[in-house]
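[1] Got a sequence here, can you model it:
(one chain, ligands or ions: 1)
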Amino acid sequence: MNRNIEVLSDKPALIERSREIILARLHQAIESRGKFTIALSGGSTPKPLYEALGKESLPWSKVHIFWGDERYVPASDRDSNQLMARQAWLDRIEIPAANIHPMSTNAENPLQDAQQQEQELHSFFQTQPGEFPAFDLILLGMGDDGHTASLFPHTEALTVCDRLITVGNKDGQPRITFTVPLINQARCVLFVVAGANKRPALKEVFAPEADEMNYPSRLIQPQGELLWLLDRSAAAELSLDRQ
Ligand SMILES: O=C1O[C@H](COP(=O)(O)O)[C@@H](O)[C@H](O)[C@H]1O
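    Numbers count the residues shown, from 1 in each chain. Modelled structure (predicted):
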(Lines give C-alpha, C1' and ligand atoms only; values in the text may rest on other atoms or scores of the structure.)
Protein backbone atom coordinates (compact mmCIF):
# COMPACT_ATOMS: atom_id res chain seq x y z
CA MET A 1 0.00 0.00 0.00
CA ASN A 2 1.18 3.46 -0.90
CA ARG A 3 -0.50 6.10 1.34
CA ASN A 4 -0.37 9.79 0.51
CA ILE A 5 -1.91 12.57 2.56
CA GLU A 6 -2.48 16.04 1.11
CA VAL A 7 -3.79 19.00 3.07
CA LEU A 8 -5.62 21.64 1.03
CA SER A 9 -6.21 25.21 2.20
CA ASP A 10 -10.00 25.05 2.25
CA LYS A 11 -13.00 23.11 0.95
CA PRO A 12 -13.01 24.61 -2.59
CA ALA A 13 -9.30 23.66 -2.95
CA LEU A 14 -10.08 20.16 -1.61
CA ILE A 15 -12.85 19.71 -4.16
CA GLU A 16 -10.68 21.00 -7.01
CA ARG A 17 -7.84 18.58 -6.10
CA SER A 18 -10.34 15.67 -5.87
CA ARG A 19 -11.68 16.59 -9.31
CA GLU A 20 -8.14 16.66 -10.77
CA ILE A 21 -7.31 13.23 -9.33
CA ILE A 22 -10.54 11.66 -10.56
CA LEU A 23 -10.03 13.06 -14.07
CA ALA A 24 -6.42 11.82 -14.17
CA ARG A 25 -7.41 8.28 -13.06
CA LEU A 26 -10.35 8.31 -15.51
CA HIS A 27 -8.13 9.13 -18.50
CA GLN A 28 -5.46 6.58 -17.42
CA ALA A 29 -8.05 3.81 -17.01
CA ILE A 30 -9.76 4.51 -20.34
CA GLU A 31 -6.39 4.57 -22.10
CA SER A 32 -5.25 1.27 -20.53
CA ARG A 33 -8.47 -0.72 -20.20
CA GLY A 34 -11.10 1.08 -22.30
CA LYS A 35 -13.34 2.00 -19.37
CA PHE A 36 -13.33 3.65 -15.95
CA THR A 37 -15.14 2.13 -12.97
CA ILE A 38 -15.77 4.41 -9.99
CA ALA A 39 -17.70 3.88 -6.75
CA LEU A 40 -19.13 7.05 -5.17
CA SER A 41 -19.50 8.08 -1.57
CA GLY A 42 -22.56 9.70 -0.07
CA GLY A 43 -22.98 12.22 2.70
CA SER A 44 -22.60 15.95 2.26
CA THR A 45 -18.89 16.41 1.49
CA PRO A 46 -18.80 15.26 -2.16
CA LYS A 47 -21.79 17.26 -3.43
CA PRO A 48 -19.72 20.18 -4.85
CA LEU A 49 -17.35 17.63 -6.40
CA TYR A 50 -20.27 15.98 -8.19
CA GLU A 51 -21.51 19.39 -9.33
CA ALA A 52 -18.06 20.14 -10.78
CA LEU A 53 -17.93 16.75 -12.55
CA GLY A 54 -21.39 17.44 -13.98
CA LYS A 55 -19.87 20.35 -15.95
CA GLU A 56 -17.15 18.22 -17.60
CA SER A 57 -17.28 17.05 -21.17
CA LEU A 58 -15.83 13.54 -20.95
CA PRO A 59 -16.19 10.17 -22.72
CA TRP A 60 -19.08 9.32 -20.41
CA SER A 61 -20.04 6.18 -22.38
CA LYS A 62 -16.79 4.63 -21.07
CA VAL A 63 -17.50 5.53 -17.44
CA HIS A 64 -19.37 3.18 -15.09
CA ILE A 65 -20.75 4.61 -11.86
CA PHE A 66 -21.39 2.54 -8.72
CA TRP A 67 -21.94 3.47 -5.06
CA GLY A 68 -19.82 2.27 -2.14
CA ASP A 69 -22.79 2.47 0.20
CA GLU A 70 -26.45 3.33 0.25
CA ARG A 71 -29.04 4.20 2.84
CA TYR A 72 -31.90 1.65 2.89
CA VAL A 73 -34.45 4.00 1.39
CA PRO A 74 -36.16 4.30 -2.02
CA ALA A 75 -34.13 6.00 -4.75
CA SER A 76 -36.47 9.02 -4.54
CA ASP A 77 -35.86 9.57 -0.80
CA ARG A 78 -33.98 12.74 0.16
CA ASP A 79 -31.50 10.60 2.17
CA SER A 80 -30.59 8.48 -0.86
CA ASN A 81 -26.91 8.70 -1.86
CA GLN A 82 -27.98 7.84 -5.40
CA LEU A 83 -30.46 10.73 -5.56
CA MET A 84 -27.85 13.25 -4.44
CA ALA A 85 -25.34 12.11 -7.11
CA ARG A 86 -28.01 12.05 -9.84
CA GLN A 87 -29.24 15.56 -9.05
CA ALA A 88 -25.78 17.08 -8.65
CA TRP A 89 -24.03 15.27 -11.51
CA LEU A 90 -25.50 12.31 -13.41
CA ASP A 91 -28.74 13.98 -14.56
CA ARG A 92 -26.63 16.76 -16.09
CA ILE A 93 -24.44 14.66 -18.39
CA GLU A 94 -24.95 12.44 -21.43
CA ILE A 95 -24.22 9.07 -19.85
CA PRO A 96 -25.98 5.87 -20.94
CA ALA A 97 -28.49 4.76 -18.30
CA ALA A 98 -26.91 1.29 -18.39
CA ASN A 99 -23.61 2.79 -17.11
CA ILE A 100 -25.24 3.79 -13.81
CA HIS A 101 -25.30 0.92 -11.35
CA PRO A 102 -27.11 1.98 -8.17
CA MET A 103 -27.29 -0.18 -5.07
CA SER A 104 -30.55 -2.09 -4.96
CA THR A 105 -32.85 -1.14 -2.06
CA ASN A 106 -36.05 -2.71 -3.39
CA ALA A 107 -36.29 -6.20 -1.92
CA GLU A 108 -37.74 -5.22 1.49
CA ASN A 109 -34.96 -7.35 2.86
CA PRO A 110 -31.52 -5.74 3.03
CA LEU A 111 -29.67 -9.07 2.90
CA GLN A 112 -31.43 -9.97 -0.33
CA ASP A 113 -30.55 -6.58 -1.81
CA ALA A 114 -26.91 -7.02 -0.75
CA GLN A 115 -26.80 -10.45 -2.43
CA GLN A 116 -28.40 -9.07 -5.59
CA GLN A 117 -25.89 -6.22 -5.72
CA GLU A 118 -23.05 -8.69 -5.25
CA GLN A 119 -24.30 -10.78 -8.20
CA GLU A 120 -24.51 -7.66 -10.32
CA LEU A 121 -20.90 -6.84 -9.55
CA HIS A 122 -19.76 -10.36 -10.42
CA SER A 123 -21.66 -10.21 -13.67
CA PHE A 124 -20.29 -6.74 -14.59
CA PHE A 125 -16.66 -7.55 -13.72
CA GLN A 126 -16.95 -11.19 -14.82
CA THR A 127 -15.64 -12.44 -11.50
CA GLN A 128 -16.59 -15.64 -9.68
CA PRO A 129 -17.97 -15.92 -6.13
CA GLY A 130 -14.96 -15.63 -3.82
CA GLU A 131 -13.10 -13.30 -6.25
CA PHE A 132 -12.87 -9.56 -5.57
CA PRO A 133 -13.06 -7.20 -8.56
CA ALA A 134 -10.76 -4.15 -8.70
CA PHE A 135 -12.48 -0.80 -9.13
CA ASP A 136 -10.36 1.86 -10.80
CA LEU A 137 -11.29 4.32 -8.07
CA ILE A 138 -13.34 4.14 -4.89
CA LEU A 139 -14.25 7.53 -3.46
CA LEU A 140 -14.79 7.53 0.30
CA GLY A 141 -15.79 9.98 2.97
CA MET A 142 -15.26 9.61 6.70
CA GLY A 143 -17.92 10.26 9.33
CA ASP A 144 -16.96 12.02 12.57
CA ASP A 145 -17.14 8.61 14.29
CA GLY A 146 -14.44 7.25 11.92
CA HIS A 147 -16.87 5.24 9.77
CA THR A 148 -16.42 5.00 6.04
CA ALA A 149 -18.89 3.76 3.42
CA SER A 150 -21.51 2.22 5.80
CA LEU A 151 -18.89 0.44 7.90
CA PHE A 152 -19.78 1.75 11.36
CA PRO A 153 -17.80 1.22 14.57
CA HIS A 154 -18.35 -2.12 16.31
CA THR A 155 -20.74 -3.53 13.68
CA GLU A 156 -20.68 -6.99 12.13
CA ALA A 157 -20.13 -5.53 8.66
CA LEU A 158 -16.53 -4.75 9.62
CA THR A 159 -15.65 -8.42 9.93
CA VAL A 160 -17.20 -9.66 6.67
CA CYS A 161 -14.34 -10.91 4.55
CA ASP A 162 -15.95 -13.40 2.15
CA ARG A 163 -18.52 -11.10 0.48
CA LEU A 164 -18.35 -8.05 -1.77
CA ILE A 165 -21.46 -6.40 -0.33
CA THR A 166 -23.01 -6.64 3.10
CA VAL A 167 -25.59 -5.02 5.35
CA GLY A 168 -24.30 -2.18 7.50
CA ASN A 169 -25.98 -0.89 10.62
CA LYS A 170 -26.33 2.78 11.49
CA ASP A 171 -28.00 3.07 14.91
CA GLY A 172 -30.22 0.06 14.17
CA GLN A 173 -31.05 1.16 10.59
CA PRO A 174 -29.79 -1.09 7.77
CA ARG A 175 -27.51 0.22 5.02
CA ILE A 176 -26.05 -1.58 2.01
CA THR A 177 -22.26 -1.32 1.86
CA PHE A 178 -19.07 -2.48 0.14
CA THR A 179 -17.06 -4.72 2.42
CA VAL A 180 -13.52 -3.98 3.57
CA PRO A 181 -11.89 -6.55 1.21
CA LEU A 182 -13.78 -5.19 -1.81
CA ILE A 183 -12.61 -1.65 -1.03
CA ASN A 184 -9.08 -2.88 -0.43
CA GLN A 185 -8.96 -4.50 -3.87
CA ALA A 186 -9.27 -1.11 -5.61
CA ARG A 187 -6.56 0.34 -7.82
CA CYS A 188 -7.05 3.68 -6.06
CA VAL A 189 -8.95 4.66 -2.91
CA LEU A 190 -9.54 8.40 -2.50
CA PHE A 191 -10.73 9.73 0.86
CA VAL A 192 -12.07 13.30 0.82
CA VAL A 193 -12.54 14.72 4.31
CA ALA A 194 -13.46 18.27 5.35
CA GLY A 195 -14.32 20.15 8.53
CA ALA A 196 -13.33 20.53 12.18
CA ASN A 197 -15.81 17.83 13.31
CA LYS A 198 -13.54 15.20 11.72
CA ARG A 199 -10.43 16.12 13.78
CA PRO A 200 -10.78 13.67 16.72
CA ALA A 201 -11.46 10.67 14.46
CA LEU A 202 -8.67 11.59 12.03
CA LYS A 203 -6.18 11.66 14.92
CA GLU A 204 -7.11 8.07 15.77
CA VAL A 205 -7.22 6.91 12.15
CA PHE A 206 -3.63 8.13 11.63
CA ALA A 207 -2.32 7.10 15.07
CA PRO A 208 0.37 4.36 14.97
CA GLU A 209 -1.99 2.15 16.99
CA ALA A 210 -5.73 2.28 17.66
CA ASP A 211 -8.63 -0.14 17.67
CA GLU A 212 -9.89 -0.66 14.13
CA MET A 213 -13.33 -1.61 15.44
CA ASN A 214 -13.55 1.91 16.96
CA TYR A 215 -12.25 3.63 13.82
CA PRO A 216 -13.24 1.56 10.76
CA SER A 217 -11.43 3.86 8.30
CA ARG A 218 -8.18 2.30 9.61
CA LEU A 219 -9.21 -0.94 7.91
CA ILE A 220 -8.87 0.63 4.48
CA GLN A 221 -5.45 -0.42 3.23
CA PRO A 222 -5.82 -1.08 -0.48
CA GLN A 223 -3.62 -3.06 -2.85
CA GLY A 224 -3.26 0.07 -4.95
CA GLU A 225 -2.92 3.75 -4.07
CA LEU A 226 -4.44 5.23 -0.92
CA LEU A 227 -4.92 9.00 -1.10
CA TRP A 228 -6.25 11.08 1.77
CA LEU A 229 -7.27 14.62 0.84
CA LEU A 230 -8.04 16.79 3.87
CA ASP A 231 -8.91 20.42 4.20
CA ARG A 232 -6.84 22.45 6.68
CA SER A 233 -9.67 22.54 9.15
CA ALA A 234 -9.94 18.72 9.34
CA ALA A 235 -6.14 18.29 9.48
CA ALA A 236 -5.52 20.93 12.15
CA GLU A 237 -4.56 18.50 14.95
CA LEU A 238 -2.47 16.04 12.93
CA SER A 239 1.33 15.89 13.00
CA LEU A 240 1.73 14.85 9.41
CA ASP A 241 5.52 15.06 9.28
CA ARG A 242 5.55 11.77 11.25
CA GLN A 243 3.17 9.94 8.87
O1 LIG B 1 -23.35 8.26 6.01
C2 LIG B 1 -22.44 8.54 5.28
O3 LIG B 1 -21.45 9.33 5.75
C4 LIG B 1 -20.13 9.33 5.22
C5 LIG B 1 -19.51 10.69 5.56
O6 LIG B 1 -20.42 11.72 5.16
P7 LIG B 1 -20.14 13.27 5.33
O8 LIG B 1 -21.53 13.91 5.32
O9 LIG B 1 -19.43 13.50 6.60
O10 LIG B 1 -19.37 13.72 4.13
C11 LIG B 1 -20.17 9.03 3.73
O12 LIG B 1 -18.87 8.84 3.25
C13 LIG B 1 -21.04 7.79 3.45
O14 LIG B 1 -21.03 7.47 2.07
C15 LIG B 1 -22.43 8.13 3.85
O16 LIG B 1 -23.36 7.11 3.55
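[2] I'd like the distance between the residue in the chain that the ligand sits nearest to and Glu209.
    The ligand sits closest to Gly43 of the chain, with a gap of 2.1 Å, by Cβ to the nearest ligand atom. (Each C-beta comes from the backbone N, C-alpha and C, glycine too.) As judged by Cβ to Cβ, to the nearest Å, Gly43 and Glu209 stand 27 Å apart.
[3] likewise Pro129?
    As judged by Cβ to Cβ, Pro129 and Glu209 stand 35 Å apart.
[4] Give me the more crowded residue out of those two.
    Counted by other Cβ atoms under 10 Å, Pro129 and Glu209 do not tie: Pro129 has more neighbours, with 10 against 7.
[5] show me the contacts for Thr177.
    Counting by Cβ atoms under 8 Å, 6 or more residues apart in numbering, Thr177 makes contact with Gly68, Asp69, Glu70, Ala149, Ser150, Leu151, Ala157, Ile165, Thr166, Val167, Gly168.
[6] Repeat the analysis, applying 7 Å as the threshold.
    Residues in contact with Thr177 (Cβ atoms under 7 Å, 6 or more residues apart in numbering) are Asp69, Ala149, Ser150, Leu151, Ala157, Ile165, Thr166, Gly168.
[7] Go through the helix or strand of the chain with the lowest mean pLDDT and flag the buried ones.
    Counting by mean pLDDT, DSSP states H and E, the weakest-scoring helix or strand in the chain turns out to be strand 2-8, with a mean of 92. Across strand 2-8, burial judged by 16 or more other Cβ atoms under 10 Å covers Ile5, Val7, Leu8.
[8] Which of the residues you listed sits closest to Glu204?
    If you rank the buried residues of strand 2-8 by distance to Glu204 using Cβ to Cβ, Ile5 comes first, at 14.8 Å.
[9] Great, nothing more from me.
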